[in-house]
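> dropping the sequence and predicted coords here.
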Amino acid sequence: MPPRAPLEMPEQDLDAIYADPKAPPAQPGENVTLWRCVVFIPAIFATIGFIWIMWDWLGDAGLTLIEATLLGLMSFNVFWLCLTVTTVTLGLGSLTQALKRPGHPRPLKVALLMPIYNEVPWYVLGNARSMLEELRARGGPHDFAMFILSDTRDDAIAEAEQDSIRALQATLSPGLKIYYRRRAENTDRKVGNITDWVQNWGADWPAMLVLDADSLMSGRAIGRLTDALAQDPGAGLIQSCPQLIGANTVFSRMQQFANGVYGTALAEGLARWTGQEGNYWGHNAIIRTEAFAASAGLPHLRSFTGRDQLIMSHDFVEAGLLRRAGWGVRVLPRIRGSYEETPPTLIDHIQRDRRWCQGNLQHLRLLSTRGLRTASRFHMFHGAMSYLASPIWFALLVMWALMGQGGDKSVLTYFRPDNPLMPTWPEMTEARHVLIIALMYSLLLAPKLLGILVVPLTRSRFAEYGGTWRFALSFLSELALSVAYAPILMVQQMIAVFRTVFGLQSGWSPQQREGGRYGLGTLVICHALETVSGVLLVAGMAAGVVSLWLLPIAVSLLLAVPLSALSGVSLKGLVSKWMGTKELWREPPITQAARHYRAELKLALEGKASSQQAAE
C-alpha cells in the first residue's frame, strides 16, 4: 500500500439535519419537476380510474371487508405497474435526444476500489489488470490506481491473493499501479472495508470509483464517469448502469437479455425524473471522496432487542445522506462498457435475493431520517416495496382463487352462509374476471414491448442481436421464461420477506458467484411451497371452483422443481447465443482482455503450485 493519508469520516446522526459547508450548489436537473409530473400524474390517474371501475363492479351494495381488501391490494399493485410503464415511456422519449458533448475536464486522481471477500483471486485480478491496461492504452488527463481491498477470512485464499498480486505486479505495463491490503478483521463488512480505506488513504485521492468483485468496466466508461465528476463540482456521486455479461445458463441468459434490452429505457427514464436526486447501487459508480467522508459515514442501528445492527443495503442510504448534505447524486445510463455478472441459477438468485430483501426492508426504519430529500425516501421505500409487493401479489392470487368462476361457484360462498363479510360475488362475472386479469398482464408486459423500441432509438440494429428473426426468437423466449418464473419468484420473495420479519434471515453471507447444479432433494425442499400451491390451484380448477384464467400461474407453480432445474442448464453448441445481447454477438475488447489475463494469471498460479509440489 502507499503511504497513509488519513481522512476523517465521522458517523452521521440520523436524527439531526446535516449540510456539508463544502458542497457547492448542485447543478439543477433539466425540467425535473416536469418529468416527475409526466411520470407520476398518469400513474396516479390510471390508478384512480381503476379504483372507480372496480368500485362500480363491487360496490353496488357497499363494499364488504374482503372486497375493500381486494380493491386496496389490486390498486396498490396497479400504481407500481403504471409507474414502471410511465418511467419506461419517459425513457424512450429521452433516448431520442442527443447528449451534450463534454468539454475539457480538469485532471482528477482516481482510486479504483475493489473490495473482495473469499473470491477466486485470478478471476478478480484478471479483471483488474484488463481495466488498468485499457486505461493506459486510452490515455487522458486523469491518474488512476487500483486498490484490492481484501476482507478474505480463508488463509489459503488470502495466500493465493498475495501470490496473484505479486505475479500481476511483475507483468503490469510500466506506470500502472495496483495495491493490496488485507484487513485483520472484516468489521462492518463492505461498509467497513471502504470506510477503512477512506480513513487511512482517502486524503490523497479526490475521487474513488467503487467496484464489485465481479465488476468490469472499459477504459472509456471509467474515463467518461471521471470526466462527468470533474466537470460537475456539485456532484458527490455519479452512478453508471451496469449491463449483465458472462451469462451461460438459461436463467442468467434470460436476465442478461432483459437487462440489455428492456433495462435501457427504464434506466433512462429513472435518470431523467430523479435528476440530481438519483440513487447508488453499490458499485460501478464514481464518488467524490471528501464529500463521501464528510456526509456518508453510517452509524449502527439499534434493534428491537437492544443490539447494534449494521445497515446492510448501505448504498441507498449513502446516496440519501450525500444528497441530504447538499451533494448531487446522478445516474448516467448511456455510459456503455460498465458490466457485472448475474447468478447462474434460480436458486443462486433466490439466495442473493434473500440478502437483498433483508437490507431493503431495513430501509423502512430509515425513512424517518431527518433532512432526507423526498426522492431519497422514495428510493428506499420503492426498494422495500419491490419485496413487499410479492406477499401482496400472493394474497391477490389466493383471493382470486377463492372467488372462483364468480357467483355460486365461489369458494367463499361455502363459508357464507349468512355472514355479510362473505360475498357471493354476483357482480364479478367471467367477462370481468378476464378484463381484470388481461389488464394486469398488459401492465406487466408493456415495459417489455416498449423496450423493443430501444433498439432503433439507440441507433442499434437488430443485426447486432443476431438478426431480426433471432431477436424475435430471443424476445419470445425471454417473455415465455419470465412468465414461467415470475410466480416462482413471487413465492420466493414472499418467503424472503417472512424470513426477514421473523428473524430467520441472519447475516450477510458472501455471494456464490459461480453457483452450481443442485440435486433433486435440494430443489424439492427449496420449491415445496410453490409445488403445493400449484397442486391446490389445479385441484380447484378441476373442481370448477377456481378460475381457469389462473392456469398459467398454476402450471408455473406446479412445475417449480423442473423449471428450477432448467434454470441451470448450460448453453453450449447450437444454443450458445440464444437470447444473446450485443455483447455476446460482438464481444467487447475489455471482456476479451479480461478472459486472456484471467487465463494467464491462473496458469501462473497453477505453475507455482506444481513447482511447490515437486519440491516437496
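In hand now; what should we look at?
> which residue ranges of the stretch 201-350 of the chain form strands?
207-210, 216-217, 235-240, 243-244, 285-288, 301-302, 308-309, 328-332, 338-340 (DSSP state E, counting those that start in this stretch).
> what strands flank the longest one, and is each parallel or antiparallel?
Taking DSSP bridges as the criterion, strand 235-240 sits next to strand 285-288 (antiparallel), strand 328-332 (parallel) in its sheet.
> what's the most buried one of these?
Comparing the strands paired with strand 235-240 by mean neighbour count (mean count of other Cβ atoms under 10 Å), strand 285-288 comes out on top with a mean of 28. C-betas here are computed from N, CA, C, even on glycine.
> give me the average confidence score over that one.
Mean pLDDT, strand 285-288: 98.
> contacts for that strand, please.
Here strand 285-288 makes contact (Cβ atoms under 8 Å, 6 or more residues apart in numbering) with 110, 206-210, 225-226, 228-229, 235-240, 327.
> off-centre distance for that strand?
18 Å (Cα atoms, centre = their mean, to the nearest Å).
> same check, this time on stretch 339-358
Stretch 339-358 sits 9 Å away from the centroid of its parent chain (Cα atoms, centre = their mean).
> and for stretch 345-364?
In terms of Cα atoms, centre = their mean, the centre of stretch 345-364 is set 10 Å apart from its chain centre.
> residue contacts, residue 87?
By Cβ under 8 Å, 6+ apart, the contact set of residue 87 is 39, 266, 269-270, 273.
> buried sites along the helix or strand harbouring it?
Assigned by DSSP states H and E, residue 87 belongs to helix 65-95. Within helix 65-95, the residues that count as buried by 16 or more other Cβ atoms under 10 Å are 66-67, 70-71, 73-74, 76-95.
> what's the weakest-modelled helix or strand in this protein?
helix 430-451 (a mean of 78; mean pLDDT, DSSP states H and E).
> what's in contact with the following helix or strand past that helix?
With elements assigned by DSSP H and E, the helix or strand that comes after helix 430-451 is helix 454-457. With contact meaning Cβ under 8 Å, 6+ apart, helix 454-457 is reached by 92, 95-96, 261-262, 264-265, 460-462, 465, 471.
> give me the buried entries from these.
Among the contacts of helix 454-457, those classed as buried by 16+ other Cβ under 10 Å are 92, 95, 261-262, 264-265, 465, 471.
> ok, and the closest non-adjacent residue to residue 564?
Closest residue in space to residue 564, ignoring its immediate chain neighbours: residue 346 at 4.6 Å, by Cβ to Cβ, 6 or more residues apart in numbering.
> the one you found contacts residue 562, correct?
No. Residue 346 sits out of contact with residue 562 when judged by Cβ atoms under 8 Å, with a separation of 11.1 Å.
> the more surrounded of the two?
Remark: of residue 346 and residue 562, residue 346 carries more neighbours, 28 against 11, as counted by other Cβ atoms under 10 Å.
> quick one: the longest helix along the chain to helix 430-451, angle?
What stands out as the longest helix in the chain, according to DSSP state H, is helix 468-501. Orientation of helix 468-501 against helix 430-451 (axes from the mean of the first three to the mean of the last three Cα atoms, to 10 degrees) gives an angle of 110 degrees.
> which ones are touching residue 103?
Listed by Cβ under 8 Å, 6+ apart, the contact partners of residue 103 are residue 231.
> for residue 231, see how far away it is.
6 Å (Cβ to Cβ, to the nearest Å).
> for the helix or strand just after the helix holding residue 87, which strands pair with it and how are they oriented?
Next in sequence after helix 65-95, counting helices and strands by DSSP H and E, comes strand 109-116. Note on strand 109-116: by DSSP bridges, its sheet partners are strand 143-150 (parallel), strand 207-210 (parallel).
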